[in-house]
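Visitor: turn this into a model:
(chains A and B)
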Amino acid sequence: MPESHIAVGKSLQRIDGVAKVTGSAKYAADIKLENMLHAKLLRSPHAHAKVKRIDTSAAQKLTGVRAFATILEVPKVIEYWFSLRTEEKKKQMFLRDNIVRFVGDPVLAVAADDQQTLDQALSLVKVEYESLPALHDPFKAMEETDVKIHSRGNVAFKVKKVYGDIQAGFNNADIIIDNTYRTSKQKHAALEPFGTCVAHYQANGKLTVYSSTQLPHWSRHYLAGALELPLNRVRVIKPHTGGSFGGRCGLIHGLEVMCAWLSRRTGRPVRMAFTREEDFIATETRHPMTISMKTGATRDGLITANEVEIVSDVGGYGTHYIGVIADCLSTGVGLYKIPNYSFSATAVFTNKSLCGALRGYGNPQMNFAQESQMDIIAEKLRMDPLELRLKNYRRLGEIDPVLNEEIRSNGLQECLEKGAKSSGWQKKRHPTPIKGTRKRGIGLSVMLHGTGAGKALPDPAAATVMINADGSVNLVTAAADEGQGNRTVLAQIASETLGIEFDKISVSETDTETTPLDCGTHGSRQAYSGGLAVKAAATEARKKLLAYAKKELGINEAQLRIKEGRVFEAENPANKIRISDLMRKTQIEDMSVCEQVIGSAAGVAPAMPGYYGAIFAEVEVDIETGEVNVLKLTTAFDVGRAINPGLVEGQITGGAVMGMGFALTENLLLNDGQILNGSFADYRLLRACDVPEIVPIIVESNEPTGPYGAKGIGEGCMVNVASAISNAICHATGVRLTDLCMTPESILQGLTRR
Amino acid sequence: MTKVDIKIHVNGDWYELAVNPGERLIDVLRDRLDLSGTKEGCGEGECGACTVNLDGQAVLSCLILAAQADGCTILTIEGLQKGLELHPLQKAFVGESAVQCGFCTPGMIMTAKALLNNEAEPDENSIRKHLSNNLCRCTGYDRPVKAVLKAAQDIKEDSNA
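Guide: Predicted structure coming up:
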């Protein structure tokens, strides 16, 4: 008999939908506090310089100028929450010095009564710089010893991991291919610019910051650390957020801490809002990587060895540079069963805008190299690329050597089979040649991405479920919804577990003052990690509810069911009580009890399950112009269990388009550290008319550790778009591209070389 | 600074304001009239998040000076619903899961509203063309296009009923 669900597996409407379509949803820039000041940053015009002197005397005389704060006094946050684990590590998170490390690096902030005064004040500030040699190329920076971008040198992180015997692996190979891939500097380009907050330091010594953060609790830790305040004196409230994609994992460089400092100095609320240009030039981007990959395979298509060398360009400051490389390792080693694997990587500081987390973390870069290699091998062996993947992927029950975890669910084969069928892979792979200049091709690629952080990063999750006297429910969680709909998904899990209808569940605001410690939203974790916490909290609440019902109905809990607002006896549904009557009685009516049913849970998820996907891209390439027209993307993803299929499809289609941008149009270009295309006019995001038909296919492999079988989706759905498109371009034209993004010029150059 | 006196009709009400010559329409809407549903995504006329309707046409409120709107009728996202009753476009955007982060949503809906003013039954191509004025980083555009199709159909059925 099929399970009957009241909320799980249903495409229920998102809980914040009406607020968002009526304009009543408040984002950070919509928050106005009484007596509020406005603030703005003065940014460095130099890629690398020492700040010798800051003269604010002329600006201070302007009417309406209220306060200044400079980098000499206000610390920058230069690490991520991995460093919160020990006091010693934590100290290294905060940097106060007089060096600017990229064009756009903040030097000073000013607070004033209005915007016009701010601009005037900044024009009157005099900063004396001593220019330092700037390093733009990570390969040069890693060798350079005289010029140090940070005091510890230019190499931010270096790692080498070897599994098996790499030389033996190549000795056993019949073919070996060796290529170098380069990936672009992609920008999040969330529609709400990064860098809007309001900070209010009150006279009672309490700081409240409205910030569009993905990680409210870690933001609180960072602010408390930077301002040397006790945690309970810092309150972070996350309003509605206009997209994050990894770029709001904590604090924005130069934003919240500066703002809080100005508020402490003036005793007034201070708002700072970056312009779109500031978002482009001075907030995090994806790490550009150079990936050399040498892969060996037998004649039968078994991969015997993979040797990977990565140089990752961190920019002037790094937060996630270790995690991003760890992700290259875990997804690279995890996806295929390659017995001999050598992985080395170097993350290097350069005098470019800073890099951090962006949807997919290091996986889109690694996947582009890996999945290009797989197609090249398939071609050399005259093997169906699909068959090559099926032959090598790491199967259910195997141990992932990086995570040291058993693979408990893996729907990759089903993704490939369903995607192949839906896209017409077999037929389109062997097309009848067409005359003319427009060549058609189809390509595929697969991916693995982790759900949550597992044991790699502190990853707490927590939730509280409270049943009210009228039978309605409050779910309290710090799960930050950046637009994915995770608060809706968590409400569905609470509803399902309690047996109380979805429309009776209300989800709390995202406020560190009133919610328990949760890592926040990153790593495709909320449906899984957050979902597990909500399920555990709701299970506890349900138990307490049934214990009261047992007293009332004289029936053991095992015989009781919950449905449509009532608790009743399974065998005799007429023996029943309304939840509202029961809860009113225990909370209010029976004065000897007066207990609200509350369930709470806190802790960490037991695993970091991988989720899988296969993308089939169909393209048409004009060999005269090099123009690529993506005709269709068929995207099959194993999400374990889709708690809300509509929201999952929303992630898949959105991820597909972001991946298309990564493949074809998106790259921040720099000249001497100066970003050349820092606007929507010049940095080309895809628009509605550029987007092909996208067919999302949901595969459900039922992850045994997940809530109702769920695992992640948010990041992985953009990971393998570029590799699928590249493989399709190669199928259409024979041109193998190794650099992102794949421009018409690069295709024409490839055609000329052939 | 010399102020400019203007009179604008916004969401059904007349407002008389003295604005700065350089003040943009979006600033008047957001800062003076507290209509913060209109969003600023770029301030350069590229993203479409600030789209409102001016005399029934879609315009970018970040590129129009408030003084230019003198005497005009302006409709923002806040003026679309009738009391508690959502406009068919609003209903369809929720119902068709066309909303994710929601930051581009008011602009998209106002673009669609102007389209439906001019073209009662737009086909998918026409909708895609018009929604191409609005950047969205979350949805991949598929659902918003479907939502506008659905709304057009609902409006037609309503008027036939």
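Visitor: drop to CA atoms for contacts and neighbour counts, all remaining ones
Guide: Fine.
Visitor: alpha carbons of the longest helix anywhere in chain A, in PDB - could you do that?
Guide: Determined from DSSP state H, the single longest helix within chain A is helix A:531-553. Extracted C-alpha coordinates of helix A:531-553, given in PDB (Å, rounded to 0.1, in the frame of the first residue of the first chain):
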ATOM      1  CA  GLY A 531      15.000  18.700   8.100                       C
ATOM      2  CA  LEU A 532      16.400  16.100  10.500                       C
ATOM      3  CA  ALA A 533      16.400  18.600  13.400                       C
ATOM      4  CA  VAL A 534      12.800  19.600  12.600                       C
ATOM      5  CA  LYS A 535      11.800  16.000  12.300                       C
ATOM      6  CA  ALA A 536      13.400  15.100  15.700                       C
ATOM      7  CA  ALA A 537      11.800  18.200  17.400                       C
ATOM      8  CA  ALA A 538       8.400  17.300  15.900                       C
ATOM      9  CA  THR A 539       8.700  13.700  16.900                       C
ATOM     10  CA  GLU A 540       9.300  14.700  20.500                       C
ATOM     11  CA  ALA A 541       6.300  17.100  20.400                       C
ATOM     12  CA  ARG A 542       4.200  14.300  18.900                       C
ATOM     13  CA  LYS A 543       5.200  11.900  21.700                       C
ATOM     14  CA  LYS A 544       4.100  14.400  24.300                       C
ATOM     15  CA  LEU A 545       0.900  15.100  22.500                       C
ATOM     16  CA  LEU A 546       0.100  11.400  22.400                       C
ATOM     17  CA  ALA A 547       1.000  11.000  26.000                       C
ATOM     18  CA  TYR A 548      -1.700  13.500  26.900                       C
ATOM     19  CA  ALA A 549      -4.200  11.900  24.500                       C
ATOM     20  CA  LYS A 550      -3.500   8.500  26.100                       C
ATOM     21  CA  LYS A 551      -4.600   9.900  29.500                       C
ATOM     22  CA  GLU A 552      -7.700  11.400  27.900                       C
ATOM     23  CA  LEU A 553      -8.800   8.500  25.700                       C
END
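Visitor: who touches it?
Guide: By C-alpha atoms under 8 Å, 6 or more residues apart in numbering or on different chains, the residues outside helix A:531-553 that reach it are A:461-467, A:489-490, A:493-494, A:497-498, A:555-557, A:560, A:567, A:575-577, A:582, A:586, A:597-603, A:605, A:706-707.
Visitor: tell me which of those residues fall in strands.
Guide: A:461-467, A:560, A:567, A:576-577, A:597-603 (DSSP state E).
Visitor: residue contacts, the most centrally placed residue in chain B?
Guide: With distances taken as C-alpha atoms, centre = their mean, the residue of chain B nearest its centroid is residue B:110 (2.5 Å). Shown in contact with residue B:110 (C-alpha under 8 Å, 6+ apart): B:51-53, B:58, B:76-77.
Visitor: any idea how far the helix or strand of chain B with the lowest mean pLDDT is from the chain center?
Guide: Least confident helix or strand, chain B: helix B:142-160 with a mean of 95, by mean pLDDT, DSSP states H and E. Centre-to-centre, helix B:142-160 and its host chain are 17 Å apart (C-alpha atoms, centre = their mean, to the nearest Å).
Visitor: and the pLDDT for the residue of the stretch 251-400 of chain A found nearest chain B?
Guide: When distances are taken as C-alpha to the nearest C-alpha, the stretch 251-400 of chain A reaches nearest to chain B at residue A:276, 5.0 Å away. On pLDDT, residue A:276 comes in at 98.
Visitor: before we move on, the earlier item: for the contacts of residue B:110, which two are the farthest from each other?
Guide: The most widely separated members of the contacts of residue B:110, counting by C-alpha to C-alpha, are B:58 and B:77 (11.9 Å).
Visitor: so if I had to pick from the two, which one is more boxed in?
Guide: Counting neighbours by other C-alpha atoms under 10 Å in any protein chain shown for residue B:58 and for residue B:77 shows that residue B:77 has the greater number, 28 against 25.
Visitor: and the gap between that one and residue A:16?
Guide: 16 Å (C-alpha to C-alpha, to the nearest Å).
Visitor: equivalent analysis for residue A:735, please.
Guide: For residue A:735, the distance to residue A:16 - C-alpha to C-alpha - is 46 Å.
Visitor: same check on residue A:381?
Guide: Counting by C-alpha to C-alpha, the gap from residue A:381 to residue A:16 is 52 Å.
Visitor: picking up where we left off before, now the longest helix of chain A: buried residues?
Guide: Across helix A:531-553, burial judged by 16 or more other C-alpha atoms under 10 Å in any protein chain shown covers A:531-546, A:548-550, A:553.
Visitor: pLDDT of that helix, averaged?
Guide: For helix A:531-553, mean pLDDT rounds to 97.
Visitor: so what's the closest residue to chain B within the stretch 601-750 of chain A up against?
Guide: Nearest residue of the stretch 601-750 of chain A to chain B, counting by C-alpha to the nearest C-alpha: residue A:654, 4.0 Å away. By C-alpha under 8 Å, 6+ apart, the contact list for residue A:654 reads B:137-141.
Visitor: chain B: helices as residue ranges?
Guide: All helices of chain B, identified by DSSP H, fall at B:25-27, B:88-95, B:105-118, B:124-131, B:142-160.
Visitor: dump the C-alpha coordinates for stretch A:731-748 into PDB.
Guide: Provided in PDB are the C-alpha atoms of stretch A:731-748 (Å, rounded to 0.1, in the frame of the first residue of the first chain):
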ATOM      1  CA  HIS A 731      30.000  16.500 -30.400                       C
ATOM      2  CA  ALA A 732      28.600  19.100 -32.800                       C
ATOM      3  CA  THR A 733      31.900  20.500 -34.000                       C
ATOM      4  CA  GLY A 734      34.800  18.300 -32.900                       C
ATOM      5  CA  VAL A 735      36.200  21.300 -31.000                       C
ATOM      6  CA  ARG A 736      37.300  20.500 -27.400                       C
ATOM      7  CA  LEU A 737      37.300  23.600 -25.300                       C
ATOM      8  CA  THR A 738      39.300  23.700 -22.100                       C
ATOM      9  CA  ASP A 739      38.700  27.200 -20.900                       C
ATOM     10  CA  LEU A 740      35.600  28.800 -19.500                       C
ATOM     11  CA  CYS A 741      33.500  30.600 -20.400                       C
ATOM     12  CA  MET A 742      33.200  29.200 -23.900                       C
ATOM     13  CA  THR A 743      32.900  32.200 -26.100                       C
ATOM     14  CA  PRO A 744      32.200  32.300 -29.900                       C
ATOM     15  CA  GLU A 745      35.800  33.500 -30.300                       C
ATOM     16  CA  SER A 746      37.200  30.400 -28.500                       C
ATOM     17  CA  ILE A 747      35.000  28.100 -30.700                       C
ATOM     18  CA  LEU A 748      36.200  29.800 -33.900                       C
END
